[in-house]
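Participant: Sequence below, structure please.
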Amino acid sequence: MNCFLRLCLCPCNGKGKQAFKHNDDNHKAMCYVKIDVENGFFYQDGTGYKVDYVNRTAETFPFVFDIVLP
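Facilitator: Predicted coordinates:
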């Protein structure tokens, strides 16, 4: 599964670090990023889903989301 994102990488602090700042198509730092998704995990209503996009398979299992705050 392929996904393309349009984003702008702009210098934010003069130290070579980049930040996502805006989506101005005319900006010189605008670029496209391709993401190849091979696997993923989702959950909803007590069910977990493990997805393998390469082999086109999925597994379901009981899943309880337990939030642990520091």
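Participant: Check which element follows the lowest-mean-pLDDT helix or strand in the chain along the chain.
Facilitator: Least confident element among the helices and strands of the chain, by mean pLDDT, DSSP states H and E: strand 18-20 (a mean of 51). Next helix or strand after strand 18-20 toward the C-terminus (DSSP states H and E): strand 30-36.
Participant: what residue ranges in this structure score low on pLDDT?
Facilitator: 1-25, 27, 29 (pLDDT under 70).
Participant: That one: strands as residue ranges?
Facilitator: Ranges of strands in the chain, per DSSP state E, are 2-11, 18-20, 30-36, 39-44, 47-52, 57-62.
Participant: helices or strands up against the fourth one?
Facilitator: It stands for strand 39-44. If you count contacts as 3 or more Cβ pairs under 8 Å, 6 or more residues apart in numbering; DSSP states H and E, strand 39-44 packs onto strand 47-52. No exception for glycine: its C-beta is placed from N, CA and C like everyone else's.
Participant: Identify the neighbouring strands of the strand it packs on in the sheet and state each direction.
Facilitator: Strand 47-52 sits in its sheet next to strand 39-44 (antiparallel), strand 57-62 (antiparallel), going by DSSP bridges.
Participant: Mind listing residues that contact the last one?
Facilitator: When contacts are defined by Cβ atoms under 8 Å, 6 or more residues apart in numbering, strand 57-62 is touched by residues 46-52.
Participant: and Ala58, what are its bridge partners?
Facilitator: Applying DSSP bridges, one finds that Ala58 bridges with Val51.
Participant: Going forward, count from 54.
Facilitator: Renumbered: residue one is now 54, and that last one reads Ala111.
Participant: what about it, neighbour count?
Facilitator: Neighbours of Ala111 under the rule other Cβ atoms under 10 Å: 12.
Participant: cool, Gly101 as well?
Facilitator: 15.
Participant: Please tell me how far it sits from Thr110.
Facilitator: Gly101 is 14 Å from Thr110, where distance means Cβ to Cβ, to the nearest Å.
Participant: Please export the C-alpha coordinates of stretch 116-123 as PDB.
Facilitator: What follows is stretch 116-123, C-alpha atoms only, in PDB (Å, rounded to 0.1, in the frame of the first residue of the first chain):
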ATOM      1  CA  PHE A 116      -7.600  -5.900  22.700                       C
ATOM      2  CA  VAL A 117      -8.100  -3.700  25.700                       C
ATOM      3  CA  PHE A 118      -6.600  -0.200  25.500                       C
ATOM      4  CA  ASP A 119      -5.300   0.500  29.000                       C
ATOM      5  CA  ILE A 120      -4.100   4.100  29.300                       C
ATOM      6  CA  VAL A 121      -1.300   4.500  31.800                       C
ATOM      7  CA  LEU A 122      -0.400   8.100  32.700                       C
ATOM      8  CA  PRO A 123       2.900   9.000  34.400                       C
END
